[in-house]
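> Give me the fold of what follows.
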Amino acid sequence: MLHYNFPPYSVGEVKPLRSPGRREIGHGALAERALIPILPEQTQFPYTIRLVSEILESNGSSSMATVCGGSMAMMDTGVPLKEHVAGIAMGLIKEGQRVAILSDIVGAEDHLGDMDFKVCGTASAITALQMDIKVGGVSMDEMRQALEQAKTGRLAILEKMSEAIPQPNENLSAYAPRIFTLKINPEKISSVIGPGGKIIRNIVAETNVKIDVDNSGLITIASADEASAEKALSMVNALTEEVEIGKLYFGKVKKIMEFGAFVEILPNVDGLVHISQLASHRVNTVTDEVSEGDQFMVKVLDIDKQGKIRLSRKEAMTPNESEKVNE
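Got it, this is the predicted structure:
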């Protein structure tokens, strides 16, 4: 949302301050249209952006100043813009057959001239155009010259802007709320919500964040405190993490059977360590090696089509650990 405010005192006038006028609405719409193409995708930066341009003094194109200032303000705030956008207002004066194309016109040239042609864009593309014209029309050559001069001016402005702020700040303002998004397998949504919403309520109560879960598996976590948001994110990741074959996990023995031990490696996710995978030596009885509640590293050997997980304790042991078990 871009709000462009042009109070009367900016041009030395005295009048009541009421609702936005035609000029403010039109110029604000032009600046907003120029900046939208460089905004990051919603998945990359899930914020609503409100940009306010307060014109304190005007003797030229304040809408183009809004484009330039808006681009720099967002980069300074930490919005990951693709690149800078700049704008410049071109003018035209025609006297018979004599024609002059003006760059970066001031108030008098706008008032007395025959054209106000605003061109906005990046170093490689135009993002917005607007023309006010007082003559019957302009020729192709005049339009071509105006666009060429506008490009030259725009590139010069972009160079100065890049010198001041070459890229977006890596960190958002300390006063900005924190929003994290992650995409999970939709089948894991129930693991985050829990029976009757018990799990998600516990996360919210513990971290004081706001969590939205979409049916597509997109989870949004918002908080005024970055540490709280990161804590909630880690809790959700723990609940939805997918088991990977070949990866090591620190597990806890949940149940002992004659043929092996069931070990929980993630919340509500367990696998079987067969008796043959408990140690590098022959194990006669499972309880000779492990007991319920024991914790140790295991390696995921396989996941079958039914989702059953095969684990190995001996594959996760270091040489020193293996020697101690054998002893």
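> so where's the longest helix in the protein?
helix 140-164 (DSSP state H).
> Can you show me the strands along the stretch 201-327 of the chain?
Per DSSP state E, counting those that start in this stretch, the stretch 201-327 of the chain carries strands over the ranges 210-213, 218-223, 248-257, 260-266, 269-274, 295-303, 309-312.
> Any idea which of the ones you listed gets closest to Met90?
Closest approach to Met90 among the strands of the stretch 201-327 of the chain is made by strand 218-223 (43.3 Å; Cβ to Cβ). Bear in mind the C-beta positions are built from the backbone N, C-alpha and C, glycine included.
> what residues does the closest one touch?
Strand 218-223 has contacts (Cβ atoms under 8 Å, 6 or more residues apart in numbering) with 46, 177-184, 192, 207-214, 229, 232-233, 236.
> Which of those residues are buried? Put it as a ChimeraX command.
Of those, the buried ones go into a single ChimeraX selection, burial set by 16 or more other Cβ atoms under 10 Å:
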select :178,179,180,181,184,192,207,209,211,213,229,232,233,236
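> Check which helices and strands the helix or strand just after the longest helix of the chain sits against.
Where DSSP states H and E defines the elements, the next helix or strand beyond helix 140-164 is strand 178-183. If you count contacts as 3 or more Cβ pairs under 8 Å, 6 or more residues apart in numbering; DSSP states H and E, strand 178-183 packs onto strand 218-223, helix 226-240.
> is Lys299 in a bridge, and if so with what?
When bridges are called by DSSP bridges, Lys299 pairs up with Leu248, Ser312.
> pLDDT at it, what is it?
Looking at Lys299, its pLDDT stands at 91.
> What of Thr287?
Note on Thr287: pLDDT of 89.
> Going forward, count from 48.
In the new numbering, first residue 48, that becomes Thr334.
> Count the residues that sit near the residue lying closest to it once chain neighbours are set aside.
Nearest residue to Thr334 in three dimensions, chain neighbours excluded: Ile303, at 6.2 Å (Cβ to Cβ, 6 or more residues apart in numbering). Residues near Ile303, counting by other Cβ atoms under 10 Å, number 15.
> Next: Ala271.
13.
> residues touching it, list them.
Ala271 neighbours (Cβ under 8 Å, 6+ apart): Pro224, Arg225.
> how close does it get to Ser186?
For Ala271, the distance to Ser186 equals 57 Å [Cβ to Cβ, to the nearest Å].
> ok so, going back, pick the most deeply packed of the helices and strands packed on strand 225-230.
Among the helices and strands packed on strand 225-230, strand 265-270 has the highest mean neighbour count (mean count of other Cβ atoms under 10 Å), at a mean of 20.
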